[in-house]
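**Student:** All I have is the shape, not the residue letters:
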């Protein structure tokens, strides 16, 4: 079999395209359960906050550690033999940043933190999506736009809006990643 | 250690769809398997075509094909072997050497 330089160039292009696509889809597959998990947390915690506003912080205190352990378990299962410690490191960094910001900025309305965290998450998804795939980026854009819309246009129903639409956006985003 | 460069292409891998199958599988982590249906979607191949080429690769020892049942539905999973990764690396090195030869000439 003889292979011309043109054949070789074409074959290498196929190898590059197939490898890139494979890595992209693997990234989507890895990200999907994390998005669905946090979408469920958003749904339960924000809905709880809407119906029991005096106890709005309680579900977050309970669910965030549980979901974080879930993230680690999912990450560990997904990266058999690989480095899964990135998940607790990212989580601790993220949590420390939010707590630090809350102390510095001193928000006077719980809705402010209720909007700030998903906006930060949206920004992270957008930044991550630049390298890891457009679907993650679009999910971040959707979450950010819906959060801002709910905060300014529907202040009385913001927590309910975030439960249904914010949580829903993450769950649908996670399912969308699986569909590729 | 550098990948040795062959003086001829790997004829099993060089066919276009088999090359794309190997590139797709090679991009996955060592322990990963990919479902047949997902691989078919990634490569935009037909059942018969993909199945035939996987058989060729499996016969060469480059991939493993495992079949089982999940919730009474048949599931086929494909993974690249160490031998397959090595052969793929050698083939890519061969292709790159051809291009490098053209650049140097």
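**Tutor:** Received, thanks. Bear in mind the structure is a predicted one, so any value in this text is a computation, not a measurement.

**Student:** Where does the spatially most central residue of chain B sit, in terms of helix or strand?
**Tutor:** Chain B has residue B:22 as the residue nearest its centroid, 1.8 Å off, counting by CA atoms, centre = their mean. In this assignment (DSSP states H and E), residue B:22 forms part of helix B:16-26.

**Student:** ok, and what's touching that helix?
**Tutor:** Contact partners of helix B:16-26, identified using CB atoms under 8 Å, 6 or more residues apart in numbering or on different chains, comprise A:11, A:14-19, A:21-22, B:12-13, B:34, B:39, B:42-43, B:45, B:49-50, B:53-54, B:56-57, B:62-63, B:78-80, B:84-85, B:88, B:91. Placement of C-beta: from N, CA and C, glycine included.

**Student:** cutoff 6 Å now
**Tutor:** A:11, A:14-15, A:18-19, A:22, B:13, B:42-43, B:53, B:57, B:80, B:85, B:88 (CB atoms under 6 Å, 6 or more residues apart in numbering or on different chains).

**Student:** Turn those residues into JSON lines, including distance to residue A:51, neighbour count and pLDDT.
**Tutor:** Below are the contacts of helix B:16-26 laid out as JSON lines (distance: CB to CB, whole Å; neighbours: other CB atoms under 10 Å in any protein chain shown; pLDDT from 0 to 100):
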{"residue": "A:11", "distance to residue A:51": "60", "neighbour count": "25", "pLDDT": "94"}
{"residue": "A:14", "distance to residue A:51": "55", "neighbour count": "16", "pLDDT": "94"}
{"residue": "A:15", "distance to residue A:51": "55", "neighbour count": "23", "pLDDT": "95"}
{"residue": "A:18", "distance to residue A:51": "50", "neighbour count": "22", "pLDDT": "93"}
{"residue": "A:19", "distance to residue A:51": "49", "neighbour count": "19", "pLDDT": "92"}
{"residue": "A:22", "distance to residue A:51": "45", "neighbour count": "22", "pLDDT": "90"}
{"residue": "B:13", "distance to residue A:51": "60", "neighbour count": "24", "pLDDT": "96"}
{"residue": "B:42", "distance to residue A:51": "44", "neighbour count": "18", "pLDDT": "88"}
{"residue": "B:43", "distance to residue A:51": "49", "neighbour count": "19", "pLDDT": "92"}
{"residue": "B:53", "distance to residue A:51": "56", "neighbour count": "22", "pLDDT": "97"}
{"residue": "B:57", "distance to residue A:51": "57", "neighbour count": "24", "pLDDT": "98"}
{"residue": "B:80", "distance to residue A:51": "51", "neighbour count": "25", "pLDDT": "97"}
{"residue": "B:85", "distance to residue A:51": "55", "neighbour count": "15", "pLDDT": "96"}
{"residue": "B:88", "distance to residue A:51": "56", "neighbour count": "22", "pLDDT": "96"}
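
**Student:** Rebuild these as CSV, extending it with distance to residue B:98 and secondary structure.
**Tutor:** Formatted as CSV, these follow (distance: CB to CB, whole Å; DSSP: H, G, I helix; E, B strand; the rest coil):
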residue, distance to residue B:98, secondary structure
A:11, 9, helix
A:14, 14, helix
A:15, 13, helix
A:18, 19, helix
A:19, 19, helix
A:22, 24, helix
B:13, 15, helix
B:42, 27, helix
B:43, 24, helix
B:53, 23, helix
B:57, 22, helix
B:80, 23, strand
B:85, 21, helix
B:88, 16, helix
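
**Student:** Closest one of those to residue B:70?
**Tutor:** residue B:42 (19.9 Å; CB to CB).

**Student:** so what does the helix or strand bottoming out on mean pLDDT in chain A touch, helix or strand wise?
**Tutor:** One helix or strand of chain A scores below all others by mean pLDDT, DSSP states H and E: helix A:86-105, with a mean of 86. Under the contact definition 3 or more CB pairs under 6 Å, 6 or more residues apart in numbering or on different chains; DSSP states H and E, helix A:86-105 sits against helix A:58-78.

**Student:** Now do the helix it packs on against helix A:86-105, angle only.
**Tutor:** Counting by axes from the mean of the first three to the mean of the last three CA atoms, to 10 degrees, helix A:58-78 lies at 150 degrees to helix A:86-105.
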